[in-house]
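Asker: generate a structure from the sequence data that follows.
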Amino acid sequence: MGRRMQIAPHLSVEEVTEKLKTTANDRQREKWLVIYNVMVDARPADTIALHTATSRWFVYHTVSDYNRLGPASIEEDGRGGRHHAYLTAAAEQAFLEPFRAQAAAGHVVTTQTIHQAFEERVGQTVHSSTIYDLLHRNDWRNITPRPQHPKTDPEVQAQ
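Answerer: Numbering: from 1, shown residues only. You can find the predicted model right below:
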């Protein structure tokens, strides 16, 4: 069995209990529950993880972050986001605006054209999947004309 977890005294048990009751975010509530368990009954991380329905890793990291950074480590959720994007969302929309205007004017806009312009804009080569992801994020879709109308009458066309 592992050693007992220890917690820095940033908040009292009553304050942690209040945070636990008032927090609307499920992820934050799980973190406050871990902190509460360590404060009230210090046990090994495996036992706390079992009783809070989380993983041992989650317990270790929650307690470590709380000890180093205090309650702010629980209040802000640093997950998600576009950490490795070439352009911001607004810059992507601005980049696609000339192509949108071309498409609205009836011109055919190809991914190859967008790909070349994007590489010029960011100053490096990018994989083609980057362009498809960019178009998908900005609600572009592939519109191709039908070869013929479904209600076409071949005899009338022959005449």
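
Asker: pLDDT wise, what is residue 1 at?
Answerer: At residue 1, the pLDDT value in this model is 56.

Asker: what's the answer for the one 5 residues further on, then?
Answerer: Turning to residue 6, the model gives it a pLDDT of 87.

Asker: swap in the one 5 residues further on?
Answerer: Residue 11 is assigned a predicted lDDT (pLDDT) of 92.

Asker: same check on the one 5 residues further on?
Answerer: Per-residue confidence for residue 16 comes out at a pLDDT of 93.

Asker: look up how far residue 13 lies from the residue lying closest to it once chain neighbours are set aside.
Answerer: Nearest residue to residue 16 in three dimensions, chain neighbours excluded: residue 36, at 5.1 Å (C-beta to C-beta, 6 or more residues apart in numbering). Heads up, the C-betas are built off the backbone N, CA and C, glycines and all. Distance, residue 36 to residue 13, by C-beta to C-beta, to the nearest Å: 7 Å.

Asker: helices and strands of this protein: which one bottoms out on pLDDT?
Answerer: Using mean pLDDT, DSSP states H and E, helix 154-158 stands out as the lowest-scoring helix or strand of the chain, at a mean of 77.

Asker: from the chain's centroid, how far away is stretch 8-20?
Answerer: 30 Å (C-alpha atoms, centre = their mean, to the nearest Å).

Asker: ok, and what's touching it?
Answerer: Contact with stretch 8-20 is made by 29, 32-33, 35-36, 39-40, 66-67, 70-71, 74, as judged by C-beta atoms under 8 Å, 6 or more residues apart in numbering.

Asker: which of the residues you listed ranks first by neighbour count?
Answerer: Ranked by the number of neighbours (other C-beta atoms under 10 Å), those place residue 35 first, at 29 neighbours.

Asker: let's see the helix or strand containing that residue as CSV, backbone CA atoms only.
Answerer: Taking DSSP states H and E as the criterion, residue 35 maps to helix 26-40. The C-alpha coordinates for helix 26-40 follow below in CSV (Å, rounded to 0.1, in the frame of the first residue of the first chain):
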residue,chain,number,x,y,z
ASP,A,26,-18.4,18.3,-12.9
ARG,A,27,-14.6,18.2,-13.4
GLN,A,28,-14.1,20.8,-10.7
ARG,A,29,-16.4,19.0,-8.4
GLU,A,30,-14.3,15.8,-8.8
LYS,A,31,-11.2,17.8,-7.9
TRP,A,32,-12.8,19.3,-4.9
LEU,A,33,-13.9,15.9,-3.8
VAL,A,34,-10.4,14.6,-4.0
ILE,A,35,-9.1,17.5,-2.0
TYR,A,36,-11.8,17.0,0.6
ASN,A,37,-11.0,13.3,1.0
VAL,A,38,-7.3,14.1,1.5
MET,A,39,-8.1,16.7,4.1
VAL,A,40,-10.6,14.7,6.1
